[in-house]
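Q: What follows is a predicted structure for the sequence shown.
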Amino acid sequence: DVKVTQSSRYLVKRTGEKVFLECVQDMDHENMFWYRQDPGLGLRLIYFSYDVKMKEKGDIPEGYSVSREKKERFSLILESASTNQTSMYLCASRVGLSGNTIYFGEGSWLTVV
Amino acid sequence: AQSVTQLDSQVPVFEEAPVELRCNYSSSVSVYLFWYVQYPNQGLQLLLKYLSGSTLVKSINGFEAEFNKSQTSFHLRKPSVHISDTAEYFCAVRANSGNTPLVFGKGTRLSVIA
(Lines give C-alpha, C1' and ligand atoms only; values in the text may rest on other atoms or scores of the structure.)
Protein backbone atom coordinates (compact mmCIF):
# COMPACT_ATOMS: atom_id res chain seq x y z
CA ASP A 1 0.00 0.00 0.00
CA VAL A 2 1.05 3.54 -0.70
CA LYS A 3 1.92 5.40 2.45
CA VAL A 4 1.93 9.17 2.75
CA THR A 5 3.15 10.26 6.14
CA GLN A 6 2.71 13.69 7.61
CA SER A 7 5.14 14.26 10.44
CA SER A 8 2.80 16.08 12.81
CA ARG A 9 -0.88 15.42 13.41
CA TYR A 10 -1.51 18.32 15.75
CA LEU A 11 0.48 21.52 16.11
CA VAL A 12 -0.07 24.74 18.01
CA LYS A 13 2.06 27.70 16.96
CA ARG A 14 2.20 31.38 17.80
CA THR A 15 1.47 34.19 15.39
CA GLY A 16 4.63 35.16 13.51
CA GLU A 17 6.40 31.83 13.95
CA LYS A 18 7.90 30.01 10.99
CA VAL A 19 6.17 26.65 10.62
CA PHE A 20 7.32 23.58 8.74
CA LEU A 21 4.91 20.80 7.76
CA GLU A 22 6.69 17.72 6.48
CA CYS A 23 5.35 15.03 4.18
CA VAL A 24 7.02 11.82 3.04
CA GLN A 25 5.77 9.22 0.55
CA ASP A 26 7.23 5.77 0.05
CA MET A 27 6.18 4.95 -3.52
CA ASP A 28 8.59 6.96 -5.65
CA HIS A 29 5.76 9.18 -6.89
CA GLU A 30 6.72 12.13 -9.05
CA ASN A 31 3.82 14.39 -8.11
CA MET A 32 3.14 15.73 -4.64
CA PHE A 33 0.52 18.18 -3.40
CA TRP A 34 -0.41 20.32 -0.42
CA TYR A 35 -4.07 21.08 0.16
CA ARG A 36 -5.78 23.03 2.86
CA GLN A 37 -9.18 21.87 4.16
CA ASP A 38 -11.64 24.24 5.82
CA PRO A 39 -15.30 23.61 6.74
CA GLY A 40 -17.62 24.62 3.93
CA LEU A 41 -14.72 25.33 1.56
CA GLY A 42 -13.59 21.79 0.79
CA LEU A 43 -9.98 21.21 -0.26
CA ARG A 44 -8.04 24.04 -1.82
CA LEU A 45 -4.70 23.51 -3.51
CA ILE A 46 -1.80 25.49 -2.03
CA TYR A 47 1.18 24.19 -4.04
CA PHE A 48 2.12 21.14 -6.03
CA SER A 49 5.32 19.66 -7.35
CA TYR A 50 5.82 17.70 -10.57
CA ASP A 51 9.21 16.41 -9.56
CA VAL A 52 12.26 17.18 -7.47
CA LYS A 53 13.01 20.91 -7.23
CA MET A 54 9.92 21.73 -9.29
CA LYS A 55 6.93 23.54 -7.88
CA GLU A 56 3.76 25.19 -9.10
CA LYS A 57 1.40 27.54 -7.30
CA GLY A 58 -2.08 26.32 -6.63
CA ASP A 59 -5.16 28.36 -5.89
CA ILE A 60 -4.11 29.85 -2.54
CA PRO A 61 -0.29 30.12 -2.35
CA GLU A 62 -0.14 33.43 -0.49
CA GLY A 63 1.65 33.12 2.84
CA TYR A 64 3.11 29.71 1.98
CA SER A 65 6.18 28.30 0.30
CA VAL A 66 7.34 24.76 -0.41
CA SER A 67 10.51 22.77 -0.74
CA ARG A 68 11.17 19.54 -2.62
CA GLU A 69 14.84 18.64 -2.41
CA LYS A 70 14.25 14.88 -2.51
CA LYS A 71 11.64 12.95 -4.42
CA GLU A 72 10.02 11.42 -1.38
CA ARG A 73 9.72 14.59 0.69
CA PHE A 74 7.58 17.68 0.17
CA SER A 75 7.62 20.39 2.83
CA LEU A 76 5.12 23.18 3.33
CA ILE A 77 6.45 26.32 4.99
CA LEU A 78 4.47 29.08 6.62
CA GLU A 79 6.94 31.94 6.64
CA SER A 80 5.13 33.91 9.35
CA ALA A 81 2.11 32.10 10.71
CA SER A 82 -1.13 33.99 11.09
CA THR A 83 -4.40 33.05 12.77
CA ASN A 84 -6.16 32.75 9.40
CA GLN A 85 -3.82 29.87 8.59
CA THR A 86 -5.41 27.78 11.33
CA SER A 87 -6.62 24.79 9.34
CA MET A 88 -6.23 21.14 8.41
CA TYR A 89 -3.39 20.58 5.95
CA LEU A 90 -3.39 17.52 3.71
CA CYS A 91 -0.45 16.19 1.75
CA ALA A 92 -0.93 13.88 -1.22
CA SER A 93 1.13 12.11 -3.84
CA ARG A 94 0.61 10.55 -7.26
CA VAL A 95 2.53 8.77 -9.97
CA GLY A 96 3.34 11.31 -12.72
CA LEU A 97 1.71 11.67 -16.11
CA SER A 98 0.12 8.24 -16.08
CA GLY A 99 -1.15 8.52 -12.55
CA ASN A 100 -4.87 8.68 -11.93
CA THR A 101 -5.21 8.26 -8.22
CA ILE A 102 -3.76 10.51 -5.57
CA TYR A 103 -3.06 9.20 -2.10
CA PHE A 104 -3.52 11.33 0.99
CA GLY A 105 -1.82 11.51 4.33
CA GLU A 106 -3.79 11.63 7.56
CA GLY A 107 -3.61 15.41 7.77
CA SER A 108 -1.99 17.94 10.07
CA TRP A 109 -4.18 20.09 12.27
CA LEU A 110 -2.49 23.46 12.73
CA THR A 111 -3.74 25.99 15.25
CA VAL A 112 -2.14 29.44 15.21
CA VAL A 113 -2.73 31.47 18.38
CA ALA B 1 -9.50 25.04 -15.86
CA GLN B 2 -11.90 22.68 -14.15
CA SER B 3 -14.42 23.28 -11.39
CA VAL B 4 -16.74 21.11 -9.31
CA THR B 5 -20.06 21.89 -7.68
CA GLN B 6 -21.49 19.67 -5.00
CA LEU B 7 -25.06 20.75 -4.71
CA ASP B 8 -25.73 19.65 -1.13
CA SER B 9 -23.52 20.53 1.81
CA GLN B 10 -25.34 18.15 4.18
CA VAL B 11 -27.50 15.11 3.54
CA PRO B 12 -29.24 13.37 6.46
CA VAL B 13 -30.75 9.99 5.67
CA PHE B 14 -32.19 7.13 7.67
CA GLU B 15 -30.36 3.82 7.84
CA GLU B 16 -31.24 1.42 4.99
CA ALA B 17 -32.69 4.24 2.88
CA PRO B 18 -31.23 5.11 -0.54
CA VAL B 19 -29.05 8.18 -1.00
CA GLU B 20 -27.77 10.30 -3.88
CA LEU B 21 -24.98 12.84 -3.51
CA ARG B 22 -24.92 15.22 -6.43
CA CYS B 23 -21.85 16.45 -8.30
CA ASN B 24 -21.60 18.62 -11.40
CA TYR B 25 -18.37 19.66 -13.07
CA SER B 26 -17.19 22.18 -15.61
CA SER B 27 -14.33 21.66 -18.03
CA SER B 28 -13.37 22.60 -21.58
CA VAL B 29 -11.38 19.38 -22.01
CA SER B 30 -12.01 15.72 -21.31
CA VAL B 31 -11.76 14.76 -17.69
CA TYR B 32 -11.27 12.06 -15.12
CA LEU B 33 -13.75 12.07 -12.24
CA PHE B 34 -13.38 10.84 -8.67
CA TRP B 35 -15.24 10.45 -5.42
CA TYR B 36 -13.24 10.51 -2.20
CA VAL B 37 -14.52 9.78 1.31
CA GLN B 38 -13.24 11.19 4.58
CA TYR B 39 -14.17 9.50 7.83
CA PRO B 40 -13.88 11.54 11.04
CA ASN B 41 -10.30 12.52 11.93
CA GLN B 42 -8.84 10.77 8.90
CA GLY B 43 -7.39 11.69 5.54
CA LEU B 44 -9.21 11.17 2.26
CA GLN B 45 -9.62 7.75 0.66
CA LEU B 46 -10.52 7.04 -2.93
CA LEU B 47 -14.03 5.62 -3.20
CA LEU B 48 -14.35 5.25 -6.97
CA LYS B 49 -13.22 6.81 -10.22
CA TYR B 50 -14.20 7.22 -13.84
CA LEU B 51 -11.38 7.26 -16.37
CA SER B 52 -12.92 5.88 -19.56
CA GLY B 53 -15.16 3.09 -20.81
CA SER B 54 -18.32 2.15 -18.95
CA THR B 55 -20.00 5.23 -17.56
CA LEU B 56 -21.21 3.36 -14.47
CA VAL B 57 -18.50 2.72 -11.91
CA LYS B 58 -18.83 0.90 -8.61
CA SER B 59 -17.02 0.68 -5.30
CA ILE B 60 -16.52 -2.40 -3.17
CA ASN B 61 -18.85 -1.14 -0.44
CA GLY B 62 -21.98 -0.67 -2.55
CA PHE B 63 -21.61 2.87 -3.85
CA GLU B 64 -21.86 3.62 -7.55
CA ALA B 65 -21.57 6.71 -9.72
CA GLU B 66 -22.55 7.40 -13.31
CA PHE B 67 -20.68 9.71 -15.63
CA ASN B 68 -23.14 11.74 -17.68
CA LYS B 69 -21.27 13.82 -20.22
CA SER B 70 -24.29 15.69 -21.56
CA GLN B 71 -25.32 16.72 -18.04
CA THR B 72 -21.70 17.16 -16.89
CA SER B 73 -22.57 15.19 -13.79
CA PHE B 74 -21.09 12.39 -11.71
CA HIS B 75 -23.65 11.68 -8.98
CA LEU B 76 -22.91 9.15 -6.26
CA ARG B 77 -25.60 6.69 -5.19
CA LYS B 78 -26.14 3.87 -2.75
CA PRO B 79 -29.40 1.88 -2.58
CA SER B 80 -29.21 1.21 1.17
CA VAL B 81 -26.94 3.11 3.55
CA HIS B 82 -25.40 1.98 6.84
CA ILE B 83 -24.42 3.92 9.93
CA SER B 84 -20.80 3.33 8.95
CA ASP B 85 -21.31 5.36 5.76
CA THR B 86 -21.49 8.53 7.85
CA ALA B 87 -18.63 10.64 6.49
CA GLU B 88 -17.81 13.57 4.26
CA TYR B 89 -17.76 12.87 0.53
CA PHE B 90 -15.78 14.88 -1.99
CA CYS B 91 -16.20 14.91 -5.74
CA ALA B 92 -13.07 15.78 -7.72
CA VAL B 93 -12.08 16.34 -11.35
CA ARG B 94 -8.91 16.67 -13.35
CA ALA B 95 -8.08 17.02 -17.01
CA ASN B 96 -7.25 13.65 -18.54
CA SER B 97 -3.83 14.70 -19.77
CA GLY B 98 -0.80 16.43 -18.34
CA ASN B 99 0.36 16.84 -14.78
CA THR B 100 -2.79 18.59 -13.69
CA PRO B 101 -3.86 18.55 -10.05
CA LEU B 102 -7.22 17.40 -8.74
CA VAL B 103 -9.85 20.06 -8.21
CA PHE B 104 -12.25 19.27 -5.39
CA GLY B 105 -15.80 20.25 -4.61
CA LYS B 106 -16.71 21.65 -1.22
CA GLY B 107 -17.88 18.32 0.10
CA THR B 108 -21.15 16.76 1.21
CA ARG B 109 -21.56 15.59 4.78
CA LEU B 110 -23.63 12.40 4.82
CA SER B 111 -25.23 11.65 8.18
CA VAL B 112 -26.93 8.28 8.53
CA ILE B 113 -29.55 8.18 11.25
CA ALA B 114 -30.46 4.96 13.07
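A: Received, thanks.
Q: Apart from its neighbours in sequence, what residue is nearest the residue nearest the centre of chain B?
A: Note on chain B: the residue nearest the mean C-alpha position is B:Trp35, at 3.4 Å, using Cα atoms, centre = their mean. Once its chain neighbours are removed from consideration, B:Trp35 has its nearest residue in B:Leu47; the separation is 4.4 Å (Cβ to Cβ, 6 or more residues apart in numbering or on different chains). All C-beta atoms are positioned from the backbone trio N, CA, C, and that covers glycine.
Q: Can you give me the separation between that neighbour and B:Gly98?
A: With distances taken as Cβ to Cβ, to the nearest Å, B:Leu47 is found 24 Å from B:Gly98.
Q: From the contact counts, what lies against the helix or strand bottoming out on mean pLDDT in chain A?
A: When the helices and strands of chain A are scored by mean pLDDT, DSSP states H and E, strand A:103-104 comes last with a mean of 92. Using 3 or more Cβ pairs under 8 Å, 6 or more residues apart in numbering or on different chains; DSSP states H and E as the contact criterion, the secondary-structure elements in contact with strand A:103-104 are strand A:87-94, strand B:44-50.
Q: and the ones you listed as JSON lines, adding mean pLDDT?
A: Written out in JSON lines, the entries for the helices and strands packed on strand A:103-104 read as follows (pLDDT from 0 to 100):
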{"stretch": "strand A:87-94", "mean pLDDT": "95"}
{"stretch": "strand B:44-50", "mean pLDDT": "93"}
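Q: so which of those comes closest to A:Ser7?
A: Go through the helices and strands packed on strand A:103-104 one by one with Cβ to Cβ and the one that ends up closest to A:Ser7 is strand A:87-94, at 9.7 Å.
Q: Pairing partners for the closest one, with directions?
A: Strand A:87-94 has the following strand partners under DSSP bridges: strand A:31-38 (antiparallel), strand A:103-104 (antiparallel), strand A:108-112 (antiparallel).
Q: how much does it deviate in direction from strand B:44-50?
A: 50 degrees (axes from the mean of the first three to the mean of the last three Cα atoms, to 10 degrees).
Q: Which residues does strand A:87-94 contact?
A: Strand A:87-94 has contacts (Cβ atoms under 8 Å, 6 or more residues apart in numbering or on different chains) with A:2, A:4, A:6, A:21, A:23, A:25, A:27, A:29-38, A:43, A:46, A:74, A:76, A:100-105, A:107-110, B:43-44.
Q: before we move on, back to that, deepest of the helices and strands packed on strand A:103-104, which one?
A: Per-residue neighbour counts averaged over each of the helices and strands packed on strand A:103-104 give the maximum for strand A:87-94, namely a mean of 24 (mean count of other Cβ atoms under 10 Å in any protein chain shown).
Q: That strand: how far from the chain's middle?
A: When distances are taken as Cα atoms, centre = their mean, to the nearest Å, strand A:87-94 is centred 5 Å away from the chain's centroid.
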